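In: here is my input, please return the structure:
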Amino acid sequence: MATPIPIALVEANEDFARAIQRELLPQFLVVHVCLSAERATFELANCYAGPAAGSPHECPVGSNMQVPAEERSEPRAVLVGTSIEDRAIFAIRDSAERGLPDITTVKMDVGDDPTDVGMVMIRIHEQLDRLVDEGVLRAE
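Out: Below you'll find the model as predicted:
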């Protein structure tokens, strides 16, 4: 089995973040979850580089919460929930790139009915699979 591609998630609903985490395995591993754009702007810039590397995350979801700081995986992409405004997405992207220069930021396309979890997962998989096919995301 191939190594899963580590990703971060910015999603205001912790239960939905857990569902995404479960559904993306085994191809993608949610290593970090931020529950707001503000937390993402801080955490993604500071948790993986510089003097704050290894600092704790606010949200307990994500595989990096289960391992010591020196064993944490750096996310290759940040999936941003639909409730996050475009202006905040730019701030998240700029902040994440300071700590993780090769990271890709993607706004989730959940379709017309964000309450249809099965369809949302299919659409998220399609987005991520397209990035893999284009060579933007890879496990390394």
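In: can you report how many residues lie near residue 44?
Out: Other residues lying near residue 44 total 28 when counted by other C-beta atoms under 10 Å. Backbone N, C-alpha and C define where each C-beta goes, glycine included.
In: who does the helix or strand harbouring residue 131 touch, helix- and strand-wise?
Out: With the criterion set as DSSP states H and E, the secondary-structure element containing residue 131 is helix 117-133. Using 3 or more C-beta pairs under 8 Å, 6 or more residues apart in numbering; DSSP states H and E as the contact criterion, the secondary-structure elements in contact with helix 117-133 are strand 5-10, helix 14-24, strand 77-80, strand 104-107.
In: okay, buried residues for that helix please.
Out: Within helix 117-133, the residues that count as buried by 16 or more other C-beta atoms under 10 Å are 120-121, 123-124, 127-128, 131.
In: hang on, the earlier thing: hey, which of the helices and strands packed on helix 117-133 is tucked in deepest?
Out: The highest average neighbour count among those, using mean count of other C-beta atoms under 10 Å, belongs to strand 5-10 at a mean of 26.
In: what sits up against that one?
Out: In this structure, residues lying in contact with strand 5-10 by C-beta atoms under 8 Å, 6 or more residues apart in numbering are 17, 20-21, 24, 27-37, 40, 44, 61-63, 73-81, 84, 92, 96, 103, 128, 132, 137-139.
In: just stretch 16-33 next, same as before
Out: 1-2, 4-11, 14, 35, 43-44, 47, 57, 59, 61-64, 72-75, 79, 81, 117, 121, 124-125, 128-129, 132.
In: dump the helix or strand of the chain with the lowest mean pLDDT to CSV, keeping only the CA atoms.
Out: Comparing helices and strands within the chain by mean pLDDT, DSSP states H and E singles out helix 37-46 as the least confident, with a mean of 82. Backbone C-alpha positions of helix 37-46 (Å, rounded to 0.1, in the frame of the first residue of the first chain) are rendered in CSV as follows:
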residue,chain,number,x,y,z
ALA,A,37,-9.5,30.7,9.4
GLU,A,38,-7.9,32.6,12.2
ARG,A,39,-6.5,29.4,13.8
ALA,A,40,-5.3,28.2,10.4
THR,A,41,-3.5,31.4,9.7
PHE,A,42,-1.6,31.0,13.0
GLU,A,43,-1.1,27.3,13.2
LEU,A,44,-0.1,26.5,9.6
ALA,A,45,2.6,29.1,9.7
ASN,A,46,3.9,28.3,13.1
